[in-house]
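Q: no FASTA, just this:
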């Protein structure tokens, strides 16, 4: 009999692919544990403030191929040309970094 790797009391579940798994009691107990519900970020306030202060330096000239207006405004069209963008692409650049999936939603924090 192989003991449960969690409680070391009851018999473990044996899977042909995964090997030794926790017993039914431990699986049931673990399934009741809820996740925090979102991304938990463990970082200091200094890092968060640095992200806000250096917001423009963190993001690149494009996002998924779409030229960044933020980058163009910060570094100029010549810098975007060095990145390989055409004049038309530079002229039609969009705000691609301000949104839900940046660190803090917008560059102003």
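A: That came through, no problem. Here the structure is a predicted model, which means the values were calculated and not measured. Residues are numbered from 1 along each chain as shown.
Q: Tell me the buried residues in the lowest-mean-pLDDT helix or strand in the chain?
A: Ranking every helix and strand in the chain by mean pLDDT, DSSP states H and E puts helix 55-58 at the bottom, with a mean of 75. By 16 or more other Cβ atoms under 10 Å, the buried positions in helix 55-58 come out as residue 55. To be clear about C-beta, it is placed using only N, CA and C from the backbone, and glycine gets the same treatment.
Q: what is the rounded mean pLDDT of the helix or strand that comes right after that helix?
A: Beyond helix 55-58 on the C-terminal side, the first helix or strand identified by DSSP states H and E is strand 62-63. Taken as a whole, strand 62-63 has a mean pLDDT of 86.
Q: quick one: strands adjacent to strand 62-63?
A: strand 66-67 (antiparallel) (DSSP bridges).
Q: Check which element follows the partner strand along the chain.
A: Reading on from strand 66-67 to the C-terminus, the next helix or strand found by DSSP H and E is helix 69-75.
Q: Go ahead and name everything in contact with that next one.
A: Residues outside helix 69-75 that contact it (Cβ atoms under 8 Å, 6 or more residues apart in numbering) are 56, 59-62, 79-80, 90, 93-98, 107.
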